[in-house]
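1. next input, structure requested:
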Amino acid sequence: MSAAQMLARLAAASQKLDEAKAKTVAAAQDLEEARSLVAGALEGVAAGQLRGIIDAYRQALGQAAQGGEPAKHQVQQTMARVQALGN
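-> Coordinates of the predicted model:
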């Protein structure tokens, strides 16, 4: 595989990581909306328990969004190495 082909694939991988992060952030926003709807519809213990579950889910999505950063950084470093070797 040529350096140009590697760079093209790595650039596509980088784009996919960006897309995954954007989708994860959007999903976390949807969960916030769901939490607000639950709070408006339910009161007391039932609302508290369900909001807690939604909050845990939202927290997990937040961690997943942050988890993509090391992968993105590694892809960028690899692209720089491939460019350096190709020159």
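2. residue 58 and residue 75, how far apart?
-> 27 Å (C-beta to C-beta, to the nearest Å). All C-beta atoms are positioned from the backbone trio N, CA, C, and that covers glycine.
3. this protein: helices as residue ranges?
-> All helices of the chain, identified by DSSP state H, fall at 3-41, 44-86.
4. and the last one, what other elements does it pack with?
-> Think helix 44-86. Using 3 or more C-beta pairs under 8 Å, 6 or more residues apart in numbering; DSSP states H and E as the contact criterion, the secondary-structure elements in contact with helix 44-86 are helix 3-41.
5. how big is the angle separating the helix it packs on from helix 44-86?
-> Helix 3-41 and helix 44-86 are oriented at 170 degrees to each other (axes from the mean of the first three to the mean of the last three C-alpha atoms, to 10 degrees).
6. quick one: helix 3-41 to chain centroid distance?
-> Going by C-alpha atoms, centre = their mean, to the nearest Å, the spacing between the C-alpha centre of helix 3-41 and its chain's C-alpha centre is 4 Å.
7. list the contacts for residue 62?
-> The neighbours of residue 62, taking C-beta atoms under 8 Å, 6 or more residues apart in numbering as the test, are residue 28.
8. typo on my end, it should be residue 55
-> For residue 55, the contacting residues are residue 35, taking C-beta under 8 Å, 6+ apart as the criterion.
9. on the pLDDT front, check it for me.
-> Reading off the per-residue confidence, residue 55 sits at a pLDDT of 93.
10. and for the one 5 residues further on?
-> The pLDDT attached to residue 60 in the predicted structure is 92.
11. dihedrals phi and psi, residue 42?
-> The phi and psi values for residue 42, taken as degrees, to the nearest 10, are phi -120, psi 150.
12. wait, isn't it in contact with residue 50?
-> Yes - counting by C-beta atoms under 8 Å, a contact exists between residue 42 and residue 50, whose distance comes to 6.7 Å.
13. what do these two both touch?
-> Among the neighbours of residue 42, none is also in contact with residue 50 (C-beta under 8 Å, 6+ apart).
14. how much space between the closest residue to residue 10 other than its chain neighbours and residue 17?
-> If you skip the residues right next to it in sequence, residue 10 has residue 79 as its closest partner in space, 4.8 Å away by C-beta to C-beta, 6 or more residues apart in numbering. Plainly put, residue 79 is 12 Å away from residue 17 if you go by C-beta to C-beta.
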